[in-house]
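Trainee: generate coordinates for the sequence data below:
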Amino acid sequence: MTNGERILVVCQNDALRYELADTLEQGGGYRITAVGTFDEALHELLSDEPYAMIVSEVNLPVMSGLDLLTVVGMQSNRLPVIMIDDDLVAKSALAAFRLGAVDYLCKPIDMDFMLMRVGTELERRQLLLQENDFADEAHTTKTNLREAWMNPATRPIAFVLKRSQYKFIEERLTDLKANTHATFVGLIDSAHNIVNAVGELAQTDLLSLRQALEAANSNAQLARVLHENHFSHTHFEGTNNCVFITDFGDLQPVSLVVICPADAKPGMVWLWCKRTASEIDEMLREVVVTPY
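Mentor: From the prediction side, this is the model:
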């Protein structure tokens with residue numbers, strides 16, 4: 001039984017958008033607003049009547065569902081978001097879980113399973129709302145969010161780099177992957193957008209990756225943190241993989257994520273991470289963000 005919660009469906013695929021809207025309205029009794037672009041979704045999120053949940057495709061015109069997930073992460077109410085992708089993509093999976101998506105589903109979508117996941121997450125959110133009062137911060141958060149995205153000087157670094165700078169980062173990540181025998185290497189900006197990434201991420205690795213990213217955001221759960229100059233290193237050991245996260249950058253904060261087999265030698269990985277981070281950090285210091 002539902003209370004008619006509002007759900008925002010964001011899909012550029014017309015057929016999927018209509019099917020999701022119909023399923024959630026008829027099968028779940030939810031109030032659905034269905035849009036096809038990032039701009040339309042952002043307009044809805046900044047409206048006066050709040051939403052309880054978002055279901056979004058990763059691939060959207062111009063700006064992606066991951067960019068939308070970034071916006072949601074900046075809001076105080078932290079809406080649960082289910083991401084839908086054409087298939088399992090390493091960059092998308094990493095960004096989605098880093099930003100706190102409650103699920104990452106691949107097409108074709110089982111609508112019965114979707115209804116179950118939506119119901120579960122809305123019940124969980126209701127419990128959180130009963131324990132926390134978010135109302136006092138809502139107006140201020142919307143105002144700050146609008147101002148941040150309207151001002152080019154405060155946009156995430158992933159949106160202001162030049163093609164040559166992206167190429168430089170990709171070359172550094174490729175070298176790092178080869179030297180550490182990693183399966184995946186990625187660079188994430190302060191807004192948790194994927195700047196660049198190389199390698200593959202198997203579906204079986206998602207659990208350990210999600211645990212590592214959650215641990216990196218909680219000082220009480222860090223497996224290992226070393227402070228050296230402005231580099232902060234986090235090491236998480238999973239059953240099949242080790243995840244290394246290096247945070248750096250005074251002017252443009254970013255995170256370097258490296259996933260290696262469980263038998264990787266941490267000392268060697270850290271040395272290559274530090275070298276790569278130093279090279280990228282030096283380049284980022286030359287990036288100047290100016291208004292249009």
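
Trainee: using CSV, write out the CA atom coordinates for the longest helix belonging to the chain.
Mentor: When the chain is parsed with DSSP state H, its longest helix is helix 111-131. Coordinates of each C-alpha in helix 111-131 appear next as CSV, following Å, rounded to 0.1, in the frame of the first residue of the first chain:
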residue,chain,number,x,y,z
MET,A,111,9.1,-4.2,-14.1
ASP,A,112,8.0,-6.5,-11.3
PHE,A,113,11.5,-6.3,-9.8
MET,A,114,11.5,-2.5,-10.4
LEU,A,115,8.2,-2.2,-8.4
MET,A,116,9.7,-4.2,-5.6
ARG,A,117,12.9,-2.1,-5.4
VAL,A,118,11.0,1.2,-5.5
GLY,A,119,8.7,0.1,-2.7
THR,A,120,11.7,-1.1,-0.6
GLU,A,121,13.6,2.1,-1.0
LEU,A,122,10.6,4.4,-0.3
GLU,A,123,9.9,2.5,2.9
ARG,A,124,13.5,2.9,3.9
ARG,A,125,13.4,6.6,3.1
GLN,A,126,10.2,7.1,5.2
LEU,A,127,12.0,5.6,8.2
LEU,A,128,14.9,8.1,7.7
LEU,A,129,12.5,11.0,7.4
GLN,A,130,11.0,10.1,10.7
GLU,A,131,14.4,10.2,12.3
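
Trainee: who does that helix touch, helix- and strand-wise?
Mentor: helix 14-22, helix 28, strand 53-57, strand 81-85, strand 103-106 (3 or more Cβ pairs under 8 Å, 6 or more residues apart in numbering; DSSP states H and E). From N, CA and C alone the C-beta is placed, and that goes for glycine too.

Trainee: most packed of these?
Mentor: Across the helices and strands packed on helix 111-131, averaging neighbours per residue (mean count of other Cβ atoms under 10 Å) puts strand 53-57 on top, at a mean of 24.

Trainee: okay, now the sheet partners of that strand, with direction.
Mentor: Here strand 53-57 has these sheet partners by DSSP bridges: strand 6-10 (parallel), strand 81-85 (parallel).
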